[in-house]
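> could you work out the structure for the sequence below:
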Amino acid sequence: MIFRKVVGKLWMTIVGLVTVILLLLSLFLIQYFDHYYYLEQSKNLSKLAYKISETLQAHPERKNTVSTTKELVEAYDIHLIVVELPSKKEHTDTPIKLRSIIPKEELNLIYSGKELITRISYKTYQNIKTDHEKSDLLVVSVPIKRDQKLIGATVLYQSLDIVNQTTNDFKKIIFAFAAVGFIIVTFFSFFLSTKITVPIRQMQKAANRVAQGDFNIRINVRTNDEIGDLGKSFNQMASQLEQTVKDLSTEKEKLSNILKSMADGVITMNPNGEIIMTNPPAKKLLNTYHFGNHLYDSLKEMLNDILLKKEVNLSKDLQINGRIISVIMTPLYSGQVIIGAVTILQDVTYERKLDKLRKDFLANVSHELRTPISMLQGYSEAIIDGIAQTDEEIRELAQIIYDESLRMGRLVNELLDLAKMESGNLHLQYCETDMNKLIKKIIRKFSNIAKEHEIKLNSEVDVGLSNVVIDPDRIEQVLTNLIDNALRHTKKDGKITIKAKKKSISEMLIEVSDTGVGIPEEDLPFVFERFYKADKARTRGSGTGLGLSIVKNIIQAHGGTISVSSKIGQGTTFSMVLPTHNLVNSF
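Below you'll find the model as predicted:
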């Protein structure tokens, strides 16, 4: 409704104020004019009454003086009553008698020769038929004396119709002015309220848009008053809010980009243990390994420790589903109150494995070198001390020393080859090679060992691989290592198969598969690491643990890839994809 708006309230206030002022002014003016006219008429009637009294005193013998005087006063709508005293006889042409309109107390004043000025209400004589039934009467009485003796009284009375008429006319003027003022005030109030409320409505709409997130809105300020100042302040506030929101958005975007670009998972939790924010690495980490309630329960325990002990940060390694998760939790503060915690998750399974491999590397190198060195030292001392006396014994000890030196040399050479490969200094000698002949050569090399262990050694080679461009010596080294590993991990009556076939027009696939004990799934990502060994209880011979690492580097140097698949108790398959470069024969 309009009365609930600023326009209506302002209009009602102004109109009410003007109405009250006009009403009070009207009442004051009406009373003032009524009183003023009453006093003036009283003075005039008193003067006239004295003139008539003097005339009657000066000419008592002239009988027509009263009638002449009556005609004079009646011309001015004034009525005359002459009272003879002490007989109280009244001379008048009107039907009104003094005793019918004047109270007894005031009538006694007239009879006693006192001057009297009084106002008679029309209610006093309303039952008398006169021309002034609705008007008050102004009555003036003065004594008539002769030789200082009271002989009568002159009484004049006049209707106050003119006062009522003047009052009524004045009321009409007041009402006319009030109506005009009402119209003017209404127009002025609406004009003024519009000037005030239009900017306010604009600010209201602008404030609503700001509340909805539109900080580009501005108010067109056209005035220099308080509303103009308010509009300028609003525009300044909107500009500051826009800049603040931009800064916050920029900082939020920076923080979001930082969290997204982090390799570590980040989780934010509230004091109740509820997760309120995660970054993509954390989601990936949680979804990939399905840690579920195990990780969540551990995080809640750490959060409770932070809340109770006020720890600066906590760190812990959690082993869940075969993975090792490093957790670092730091409290979030608002002032001095902890409002949650930020948790950094790192899958350190690979790092922990590498740490173990590094330790194993030192242990294996020490072990591998210690044995041949000990044997070299021991047998050398035996020769020097003369323990071996015959030439045959000396030759036997020298042969052992020679074999151990060869073994130590192989280990050192493999370490040097691996270091050379990893540093990128491996140079391949490419030439056209017949894969069928190369694989048959390798099978012949291992045929005796395979027969000794009662293992079948087979090959399947596509005829289209008769001429491929590779480094045959290095590929032979690769296949030798893989078949040697397969023989050591395959039981009696097992089978080892070498397959070579065309994968695409420029690639070939080589697979070495066995029916051996297999490799545990958790160890598959690390089989190509240096000095990696599976359970030593499953190995028949001694190995350095460098073979597969050398295999991987040779394959990568050819521009190929190698992968492994295995199941416990069913066997292992190594798959290699190599570029064939230029094929001489087309298929």
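
> mind checking what helix or strand follows the lowest-mean-pLDDT helix or strand in the chain in sequence?
Within the chain, confidence by mean pLDDT, DSSP states H and E is lowest for helix 64-74 among all helices and strands, at a mean of 63. Per DSSP states H and E, the first helix or strand lying C-terminal to helix 64-74 is strand 78-84.

> could you list the paired strands of that next one along with their orientation?
strand 89-91 (antiparallel), strand 149-159 (antiparallel) (DSSP bridges).

> contacts for the shortest one next, please.
The one in question is strand 89-91. By Cβ atoms under 8 Å, 6 or more residues apart in numbering, the residues outside strand 89-91 that reach it are 66, 81, 82, 83, 84, 97, 98. Just so you know, the C-beta spots here come from the backbone N, C-alpha and C atoms, and that holds for glycine as well.

> redo that, cut-off 10 Å
Here strand 89-91 makes contact (Cβ atoms under 10 Å, 6 or more residues apart in numbering) with 66-67, 70, 80-84, 96-99, 152-153, 155.

> which of the strands paired with strand 78-84 is buried the deepest?
Across these, averaging neighbours per residue (mean count of other Cβ atoms under 10 Å) puts strand 149-159 on top, at a mean of 21.

> and it, how far out from the chain's middle?
Centroid separation for strand 149-159 versus its chain: 98 Å, with Cα atoms, centre = their mean, to the nearest Å.

> convert that strand to CSV, retaining C-alpha atoms only.
Extracted in CSV, the C-alpha atoms of strand 149-159 (Å, rounded to 0.1, in the frame of the first residue of the first chain):
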residue,chain,number,x,y,z
LYS,A,149,-32.0,62.4,39.1
LEU,A,150,-32.5,59.0,37.4
ILE,A,151,-35.6,59.2,35.1
GLY,A,152,-35.0,56.3,32.8
ALA,A,153,-32.6,54.2,30.7
THR,A,154,-31.8,53.9,27.1
VAL,A,155,-31.4,50.3,25.9
LEU,A,156,-30.0,49.5,22.5
TYR,A,157,-29.7,46.0,21.2
GLN,A,158,-28.3,44.7,17.9
SER,A,159,-28.2,41.3,16.3
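
> that one: what's the following helix or strand?
helix 161-211.

> and that following helix, what does it pack against?
Contacts defined by 3 or more Cβ pairs under 10 Å, 6 or more residues apart in numbering; DSSP states H and E place helix 161-211 against helix 6-58, helix 226-261.

> show me where pLDDT drops low in the stretch 201-350 of the chain?
For the stretch 201-350 of the chain, applying pLDDT under 70 flags the ranges 221, 288-293, 311.

> just for the stretch 401-550 of the chain, where's the confidence low?
When residues are selected by pLDDT under 70, those of the stretch 401-550 of the chain lie in 410, 414, 418-425, 530-545.

> what segments of it are helices?
Remark: helices assigned in the stretch 401-550 of the chain by DSSP state H, counting those that start in this stretch are 435-452, 472-489, 547-557.

> relative to helix 472-489, how tilted is the last one?
With axes from the mean of the first three to the mean of the last three Cα atoms, to 10 degrees as the criterion, the two stretches helix 547-557 and helix 472-489 enclose an angle of 150 degrees.

> one step back: just give me the lowest mean pLDDT stretch among the strands paired with strand 78-84.
Among the strands paired with strand 78-84, strand 89-91 carries the lowest mean pLDDT, a mean of 78.

> report the next helix or strand after it in sequence order.
Counting by DSSP H and E, the next helix or strand C-terminal to strand 89-91 is helix 98-101.

> got the CA coordinates for that next one in CSV?
Extracted in CSV, the C-alpha atoms of helix 98-101 (Å, rounded to 0.1, in the frame of the first residue of the first chain):
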residue,chain,number,x,y,z
LEU,A,98,-36.5,43.5,28.4
ARG,A,99,-37.6,41.0,31.0
SER,A,100,-38.0,38.4,28.2
ILE,A,101,-34.4,38.6,27.0
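
> circling back to that earlier point, among the contacts of strand 89-91, who's most crowded?
With neighbours defined as other Cβ atoms under 10 Å, the most crowded of the contacts of strand 89-91 is residue 153; it has 28 neighbours.

> and the pLDDT for the nearest residue to it once chain neighbours are set aside?
Spatial nearest neighbour of residue 153, chain neighbours left out: residue 83 (4.5 Å); criterion: Cβ to Cβ, 6 or more residues apart in numbering. For residue 83, the pLDDT comes out at 83.
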